[in-house]
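In: Return a 3D structure for these sequence lines:
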Amino acid sequence: MDYKDQDQGFDPESPDYGSYESTELERLFESAETDSEMYKAIMDELTNRGYDFAPADTVLQLDELEPLPELKPLRYSIFGTRIWNIVMLLVGILGVTFFIKVQSGFGEMDPSLRVMAYSMVVVLLSLSYLISGIRLLANHKDQNNPLRAVFTGEYWFLAILWFAFAAYEIFKAATSFVMYWNMQIGLNISLYAVIPSLTMVLFSFLLGMAMLYLAIELKVKKDKPIDTL
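Out: Sure thing, here's the model as predicted:
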């Protein structure tokens with residue numbers, strides 16, 4: 001039986017759907033074309049009456065969504081770490097400037113002594129960055145915090161610098177060994193004479209490796225998804 005025959009007052013072509021019962025609108029809505037004006041008008045009327053046309057799965061998923069966790073503060077402040085490195089750099093520069101000024105007052109300063117003085121600044125700065133690297137690595141315990149990402153250019157620079165210095169000391173040690181060997185003073189004396197240079201090779205290599213590992217481990221890939229577990 002046609003629904004219109006059940007209720008003589010029901011007119012599906014009427015634009016005034018507010019006067020219809022909800023059950024009447026539901027039946028008419030099911031039989032209407034989805035791209036028709038009547039379909040949209042009935043949907044609007046049913047929506048006004050509190051009907052929800054969202055898929056059940058979508059509603060369930062929205063209900064199950066958990067709020068994003070709040071970012072905890074980093075264990076060690078990145079700003080404080082940067083300040084620490086800047087302070088150590090200033091201390092090193094002021095110290096070497098004072099040393100060279102006083103040493104120059106006694107006469108002409110040997111170039112090797114000047115290089116040694118500047119190298120002490122690099123040593124001080126490298127040790128400072130070593131401490132800073134430990135602090136920054138501690139921040140990486142919180143893998144969910146994107147604020148842990150830092151610029152690692154300084155660590156790459158120090159790694160290259162120390163490896164270059166190690167190569168220079170190897171060249172210096174080899175040159176000195178050949179010189180003493182040609183003087184025919186014996187193998188033991190020749191090796192003993194280059195021990196300081198070999199010590200600097202080892203020292204420079206170890207510091208270079210420390211800076212290299214810090215540069216690698218502090219790198220945060222931007223395309224890597226954050227672990228939400």
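In: So residue 191 is in contact with residue 177, correct?
Out: Yes. Between residue 191 and residue 177 there is a contact at 7.2 Å, judged by CB atoms under 8 Å. Glycine gets a C-beta too; all of them are placed from N, C-alpha and C.
In: Compare the two and say which is more crowded by neighbours.
Out: Legend: neighbour count by other CB atoms under 10 Å for residue 191 and residue 177, higher for residue 177 (17 against 14).
In: Look up the closest residue to the spatially most central residue of the chain, ignoring the ones flanking it.
Out: The centroid of the chain falls nearest to residue 149 when counting by CA atoms, centre = their mean (2.0 Å). Distances taken as CB to CB, 6 or more residues apart in numbering put residue 220 closest to residue 149, at 4.1 Å, once the chain neighbours are dropped.
In: I'd like to know how many residues surround that neighbour.
Out: Neighbour count of residue 220, defined by other CB under 10 Å: 14.
In: Also residue 173?
Out: Here the count is done by other CB under 10 Å, and residue 173 has 20 residues near it.
In: What of residue 185?
Out: Number of residues near residue 185 (other CB under 10 Å) recorded here: 12.
In: So for it, what's the pLDDT?
Out: Per-residue pLDDT puts residue 185 at 83.
In: That one in helix, strand or coil?
Out: Put simply, residue 185 is coil when judged by DSSP: H, G, I helix; E, B strand; the rest coil.
In: Can you give me the distance of it to residue 178?
Out: Distance of residue 185 to residue 178, computed by CB to CB, to the nearest Å: 12 Å.
In: swap in residue 134?
Out: Residue 134 sits at a distance of 41 Å from residue 178 (criterion: CB to CB).
In: any idea of the mean pLDDT for stretch 140-150?
Out: 72.
In: Check stretch 118-131 too.
Out: 89.
In: Using CSV, write out the CA atom coordinates for it.
Out: Taking Å, rounded to 0.1, in the frame of the first residue of the first chain, the C-alpha atoms of stretch 118-131 are listed here in CSV:
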residue,chain,number,x,y,z
TYR,A,118,95.2,28.2,21.1
SER,A,119,94.9,24.5,21.2
MET,A,120,94.1,24.7,25.0
VAL,A,121,91.1,26.8,24.1
VAL,A,122,89.9,24.1,21.7
VAL,A,123,90.5,21.5,24.5
LEU,A,124,88.4,23.5,27.0
LEU,A,125,85.7,24.1,24.4
SER,A,126,85.6,20.4,23.5
LEU,A,127,85.3,19.3,27.1
SER,A,128,82.5,21.7,27.5
TYR,A,129,80.7,20.3,24.5
LEU,A,130,81.3,16.8,25.8
ILE,A,131,79.4,17.7,29.0
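In: Many thanks, we can stop here.
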